[in-house]
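Peer 1: with the input below, show me the fold.
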Amino acid sequence: MRGRGGIAGNPVLIGAATVLVLIVAVFLSYNANQGLPFVPTYALKAKLPSAANLVRGNDVRIGGTRVGSIDSITVERQKDGTNLAVLGLELERSVAPLPKDSTVLIRSRSALGLKYVELTRGTSREGFDDGDTIPVSSATPAPVEFDEFVNMFDEETRDAAQTNLRGLGDAFAGRGASINQAIGALRPLLRDIVPVARNLSGQEANLPRFIRALSNAARIVAPAAETQAQLFVNLDRTFAGLRDVARPFVQDSISEGPETLDAAIEGFPVQRPFLANTEGLFRELRPGVRALRGAAPELADALEVGTPTLRRLPALNERLAALLTELERFSTDPLVPRGIRRLTDTVRTLNPTLQFLAPTQTTCNYVALWFRNISSLLSEGDANGTWQRFIIVATPSGPNSESGPSSGPADGPTVENHLHTNPYPNTAAPGQPRECEAANEPFLKGKTVTSNVPGTQRAATEGKR
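Peer 2: Numbering: from 1, shown residues only. Just a heads-up that it's a prediction; the model follows:
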């Protein structure tokens with residue numbers, strides 16, 4: 001008689017369940033660094049200057065606590081040619097939302113080079129949404145790698161450190177007696193400095209005020225420190241030059257100074273009116289001299305070029321005598337003023353018309369385009385002559401169409417049977433919008449247009465920008 005047994009009584013089912021549990025455990029342990037499967041995550045991307053020694057699966061920590069891992073590492077090339085590392089971060093949902101003023105830092109986990117990403121939460125009320133990218137500006141401060149620190153002590157630095165130590169050792173070697181004498185000589189100085197320090201520390205000396213005044217003076221003269229240093233350099237150079245002429249030239253000028261001053265006392269009162277007039281003359285010449293300062297090179301060139309020309313002026317003047325005589329007789333003719341007045345009236349009458357027509361060419365370039373199109377109208381031909389270029393356009397059908405007599409402008413009902421004509425297009429003339437309507441006006445499909453097209457077209461045509 002076979003008894004009833006459950007799963008516990010079936011060795012095959014028990015073995016299969018055990019194998020399944022082992023497979024699930026191995027899978028979970030293998031993917032532990034990437035987080036548990038089927039658990040929702042908070043995904044972000046972070047741009048960093050470098051992702052050296054980072055690999056997929058490295059930790060992401062906040063305050064030393066693991067909150068996620070690195071899912072991907074890619075490279076993004078910038079417009080300036082530099083490269084940025086883009087990390088894909090899978091974080092726990094409890095981190096969301098990460099404040100936008102948070103910072104990202106790559107830190108070492110061990111001396112062997114293992115790294116992890118450290119996030120420092122900010123205080124901003126705005127946070128990153130799922131899938132956002134943390135900008136590279138948040139990757140502060142710049143991390144310092146261990147190899148970069150070690151590389152500071154290169155061969156040149158090590159040699160310099162050895163030289164400093166050797167120099168300090170040689171400086172004190174065999175000088176013990178001198179150091180003892182210096183220490184012994186300091187005793188009288190320290191004894192005598194006590195009353196001096198007592199006086200300086202008293203309220204009457206007001207040493208803090210003196211120090212503040214020195215600080216203010218130093219702060220005031222600090223911007224001019226380079227200028228003052230240059231002043232002493234220039235003084236040294238000046239006195240070095242005077243040293244060569246000190247005797248007898250400088251000595252004679254000093255010894256003869258009293259006689260010179262006596263002569264000046266006698267002569268200056270007499271010279272005062274002349275000096276006053278000279279001062280007024282130069283004051284009035286100042287504007288012109290200021291203008292001549294910039295024009296001096298051009299004036300010098302003009303004088304140099306004009307000198308040969310001036311030598312030829314007498315011959316030109318002789319030839320101009322007859323012309324000037326004719327001009328004088330023309331100017332005294334009583335009919336000339338009448339002709340000039342008539343010409344003035346003509347110009348004044350034509351002025352409004354010219355002002356109205358001028359933009360047609362100066363702004364829209366229509367005159368040049370008209371002549372160009374006229375020249376190309378008869379450009380086709382052969383040895384026997386040229387003929388007119390044209391193309392046949394079929395007229396639309398319908399009431400009031402162009403194919404026959406009409407009682408009004410064509411206005412439908414088909415889309416093609418609409419009259420489009422603008423006999424007086426705008427040409428940027430006075431009182432008109434600044435537009436070159438002809439050759440720029442749009443074709444309004446399905447509408448009858450017999451005047452200016454709505455809207456303002458561009459104020460340019462072919463050959464005119």
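
Peer 1: only C-alpha atoms for contact and neighbour calcs from this point on.
Peer 2: OK.

Peer 1: please name the bridge partners of Ser72.
Peer 2: With DSSP bridges applied, Ser72 shows beta-bridge pairing to Gly88.

Peer 1: wait, doesn't it sit right on Ala51?
Peer 2: No. Applying Cα atoms under 8 Å, one finds Ser72 not in contact with Ala51, separated by 11.1 Å.

Peer 1: compare the two (neighbour count), which wins?
Peer 2: Neighbours were counted for Ser72 and for Ala51 using other Cα atoms under 10 Å; Ala51 has more, 18 against 14.

Peer 1: so what's the more buried one up against?
Peer 2: Contact partners of Ala51, counting by Cα atoms under 8 Å, 6 or more residues apart in numbering, are 73, 85, 106.

Peer 1: do the same with Glu402
Peer 2: 395-396, 410.

Peer 1: now Thr120
Peer 2: By Cα under 8 Å, 6+ apart, the neighbours of Thr120 are 62-63, 102-104.

Peer 1: from these, which one has the minimum pLDDT?
Peer 2: Among these, Gly63 has the lowest pLDDT, at 84.

Peer 1: how about the nearest residue to it, chain neighbours excluded?
Peer 2: For Gly63, ignoring the flanking residues on the chain, the nearest one in space by Cα to Cα, 6 or more residues apart in numbering is Thr120 at 7.3 Å.

Peer 1: where does the prediction get shaky in the stretch 301-450 of the chain?
Peer 2: Counting by pLDDT under 70, the stretch 301-450 of the chain contains no low-confidence range.

Peer 1: all helices of it, in order?
Peer 2: 313-331, 335-362, 366-377 (DSSP state H, counting those that start in this stretch).

Peer 1: can you say which of those is nearest to Ala205?
Peer 2: helix 335-362 (85.1 Å; Cα to Cα).

Peer 1: and that closest one, what other elements does it pack with?
Peer 2: Here helix 335-362 touches helix 366-377, going by 3 or more Cα pairs under 8 Å, 6 or more residues apart in numbering; DSSP states H and E.

Peer 1: contacts for the helix it packs on, please.
Peer 2: 360-361, 388-389, 462.

Peer 1: one step back: now tabulate the contacts of Ala51 in JSON lines and tack on neighbour count.
Peer 2: Formatted as JSON lines, the contacts of Ala51 follow (neighbours: other Cα atoms under 10 Å):
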{"residue": "Ile73", "neighbour count": "17"}
{"residue": "Ala85", "neighbour count": "18"}
{"residue": "Ile106", "neighbour count": "24"}
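
Peer 1: which among those residues gets closest to Leu327?
Peer 2: Using Cα to Cα, the contacts of Ala51 come closest to Leu327 at Ala85, 86.9 Å.

Peer 1: pretty sure the closest one sits against Lys47.
Peer 2: Yes. Ala85 lies in contact with Lys47 (Cα under 8 Å); the separation is 5.7 Å.

Peer 1: what's the neighbour count on Ser178?
Peer 2: Number of residues near Ser178 (other Cα under 10 Å) recorded here: 11.

Peer 1: who are the packing partners of the host helix or strand of it?
Peer 2: Per DSSP states H and E: Ser178 is located in helix 176-201. For helix 176-201, there is no helix or strand it packs on, judged by 3+ Cα pairs under 8 Å, 6+ apart.

Peer 1: what is the subsequent helix or strand relative to it?
Peer 2: helix 207-221.

Peer 1: continuing past that next one, what's the next helix or strand?
Peer 2: Following helix 207-221 toward the C-terminus (DSSP H and E): helix 225-244.

Peer 1: how far off centre is the helix or strand just after that following helix?
Peer 2: The helix or strand immediately downstream of helix 225-244 is helix 251-255, counting by DSSP H and E. A distance of 61 Å separates the centroid of the chain from that of helix 251-255, by Cα atoms, centre = their mean, to the nearest Å.

Peer 1: you'd agree Val67 is in a strand?
Peer 2: Yes. Assessed by DSSP: H, G, I helix; E, B strand; the rest coil, Val67 belongs to a strand.

Peer 1: could you check how far Ala139 is from Ala295?
Peer 2: Per Cα to Cα, to the nearest Å, Ala139 is found 59 Å from Ala295.

Peer 1: between the two, which one's more packed in?
Peer 2: Using other Cα under 10 Å as the criterion, Ala139 and Ala295 rank with Ala139 on top: 20 against 11.

Peer 1: can you classify the residue nearest to that one when sequence neighbours are not counted by secondary structure?
Peer 2: The spatially closest residue to Ala139, leaving aside those adjacent along the chain, is Val104, at 4.7 Å (Cα to Cα, 6+ apart). Classification of Val104 by three-state DSSP places it in strand.

Peer 1: let me know the closest of the contacts of Ala51 to Leu310.
Peer 2: Nearest member of the contacts of Ala51 to Leu310, counting by Cα to Cα, is Ala85, at 77.6 Å.

Peer 1: sec struct for the closest one, please.
Peer 2: Strictly by three-state DSSP, Ala85 counts as strand.

Peer 1: any idea how far Ala218 is from Leu231?
Peer 2: 17 Å.

Peer 1: try Ser138
Peer 2: In this view, Ser138 and Leu231 are 48 Å apart by Cα to Cα.

Peer 1: so for the two, which residue has more residues nearby?
Peer 2: Comparing Ser138 with Leu231 by neighbour count (other Cα under 10 Å), the higher total belongs to Ser138, at 18 against 12.

Peer 1: grab the nearest non-local neighbour of the more buried one.
Peer 2: Thr103 (4.7 Å).

Peer 1: then Asp130?
Peer 2: Counting by Cα to Cα, 6+ apart, the residue nearest Asp130 is Ala43, at 5.5 Å.

Peer 1: show me the contacts for that neighbour.
Peer 2: Ala43 is in contact with 88-91, 130-132, counting by Cα under 8 Å, 6+ apart.

Peer 1: helix or strand for it, which one?
Peer 2: Counting by DSSP H and E, Ala43 is found in strand 41-48.

Peer 1: how about that strand, which residues are buried there?
Peer 2: Judged by neighbour count (16 or more other Cα atoms under 10 Å), strand 41-48 contains these buried residues: 41-48.

Peer 1: what's the answer for stretch 97-111, then?
Peer 2: Neighbour-count burial for stretch 97-111 [16+ other Cα under 10 Å]: 98-106, 108.

Peer 1: dump those residues into JSON lines; add distance to Pro454 as well.
Peer 2: Converted to JSON lines, the buried residues of stretch 97-111 look like this (distance: Cα to Cα, whole Å):
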{"residue": "Leu98", "distance to Pro454": "54"}
{"residue": "Pro99", "distance to Pro454": "53"}
{"residue": "Lys100", "distance to Pro454": "50"}
{"residue": "Asp101", "distance to Pro454": "52"}
{"residue": "Ser102", "distance to Pro454": "55"}
{"residue": "Thr103", "distance to Pro454": "57"}
{"residue": "Val104", "distance to Pro454": "58"}
{"residue": "Leu105", "distance to Pro454": "61"}
{"residue": "Ile106", "distance to Pro454": "63"}
{"residue": "Ser108", "distance to Pro454": "70"}
